[in-house]
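A.B. asks: Quick one, fold the following:
(one chain, ligands or ions: 1)
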Amino acid sequence: MRALTKEDQEKITPEKGLERLKEGNKRFVSNKMLDHTLLQQVNETSKGQNPFAVILSCIDSRTSSELIFDQGIGDIFNARVAGNIVNEDILGSMEFACKVAGSKLIVVLGHTSCGAIKGACDNVELGNLTVLLDKIKPSVEGVDYNGDKSSKNLEFVDMVAEENVRRTMGDIQSKSSTLKEMIQNREIGIVGGMYDVETGVVDFYEHSLQ
Ligand SMILES: [Zn+2]
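C.D. replies: Alright, predicted model coming up:
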């Protein structure tokens, strides 16, 4: 597999980008990963990069985007932070990825059994983590649920994770006029999804593609 060229990147629409990721995840779960010839791709990208997507996911050791979407060197920008939330720095990174480097699709990817979501459900307080978890709490409060709202209830935890993906997608557009404008002009797309840590499958919220 050769690395993406500028011409390749320009031909990839948000819909085609989403298709590439879906196909990559299918290869991953069926153990039919491509031979990415990574060192060759290092050489091919040495003068520049043309990634087609920027993926925001959790720091969780099980959710590495290049692995779960079977991508190589130079294919995707990968922003990772506990609970896949955004702050100014991550928004700035996404603006660079899309406006400067030409990526066509933003993916906000949550995952099941997320430790950060569990921490927010349980009101965990620990150093700087407290401030991070505060960004997830509106999603805990935003889920309409009658029952155990602690981390012991994985059904609730995963509902909060989905709500958190949707809220993060909203935050990206309300806090970045640059990205909002690009989405409105259909220069880029944004989509949410959930990675299942038990199966390796990514379920995209396709109707959320804008
Ligand atoms: Zn997580």
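
A.B. asks: Identify the spatial nearest neighbour of residue 21, chain neighbours not counted.
C.D. replies: Counting by C-beta to C-beta, 6 or more residues apart in numbering, residue 69 is the residue found nearest to residue 21 once chain neighbours are left out, at 4.9 Å. All C-beta spots, glycine's among them, are computed from the backbone N, C-alpha and C.

A.B. asks: Get me the contact residues on this protein for the ion.
C.D. replies: For the chain, the residues in contact with the ion (C-beta under 5 Å from the ion) are 58, 60, 114, 116.

A.B. asks: Select from those residues the one having the most neighbours.
C.D. replies: Most neighbours among those, by other C-beta atoms under 10 Å: residue 114, with 27 neighbours.

A.B. asks: check contacts around that residue.
C.D. replies: Residues in contact with residue 114 (C-beta atoms under 8 Å, 6 or more residues apart in numbering) are 58, 60, 83, 157, 161.

A.B. asks: Equivalent analysis for residue 80, please.
C.D. replies: Contact partners of residue 80, counting by C-beta under 8 Å, 6+ apart, are 56, 57, 58, 59, 63, 65.

A.B. asks: Please identify which helix or strand holds residue 203.
C.D. replies: Per DSSP states H and E, residue 203 falls inside strand 202-205.

A.B. asks: Any buried residues in that strand, and which?
C.D. replies: 202, 204, 205 (16 or more other C-beta atoms under 10 Å).

A.B. asks: likewise stretch 148-163?
C.D. replies: Buried, per 16+ other C-beta under 10 Å, within stretch 148-163: 149, 151, 153, 156, 157, 158, 159, 160, 161, 162, 163.

A.B. asks: In PDB, could you pull the C-alpha coordinates for it?
C.D. replies: Output of stretch 148-163 as PDB, limited to C-alpha atoms (Å, rounded to 0.1, in the frame of the first residue of the first chain):
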ATOM      1  CA  ASP A 148     -28.600   2.900  38.700                       C
ATOM      2  CA  LYS A 149     -26.500   5.800  37.300                       C
ATOM      3  CA  SER A 150     -23.200   4.500  38.700                       C
ATOM      4  CA  SER A 151     -20.300   3.000  36.800                       C
ATOM      5  CA  LYS A 152     -21.500  -0.500  37.900                       C
ATOM      6  CA  ASN A 153     -24.300  -0.200  35.400                       C
ATOM      7  CA  LEU A 154     -22.600  -0.700  32.000                       C
ATOM      8  CA  GLU A 155     -25.900  -0.100  30.200                       C
ATOM      9  CA  PHE A 156     -26.000   3.400  31.600                       C
ATOM     10  CA  VAL A 157     -22.200   4.000  31.100                       C
ATOM     11  CA  ASP A 158     -22.600   3.200  27.400                       C
ATOM     12  CA  MET A 159     -25.700   5.400  27.000                       C
ATOM     13  CA  VAL A 160     -23.600   8.300  28.500                       C
ATOM     14  CA  ALA A 161     -20.700   7.400  26.100                       C
ATOM     15  CA  GLU A 162     -23.100   7.800  23.100                       C
ATOM     16  CA  GLU A 163     -24.500  11.100  24.500                       C
END
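
A.B. asks: follow-up on the earlier one: for the residue nearest to residue 21, give me its contacts.
C.D. replies: 21, 24, 25, 28, 55, 76, 202.

A.B. asks: Many thanks, I have nothing further to ask.
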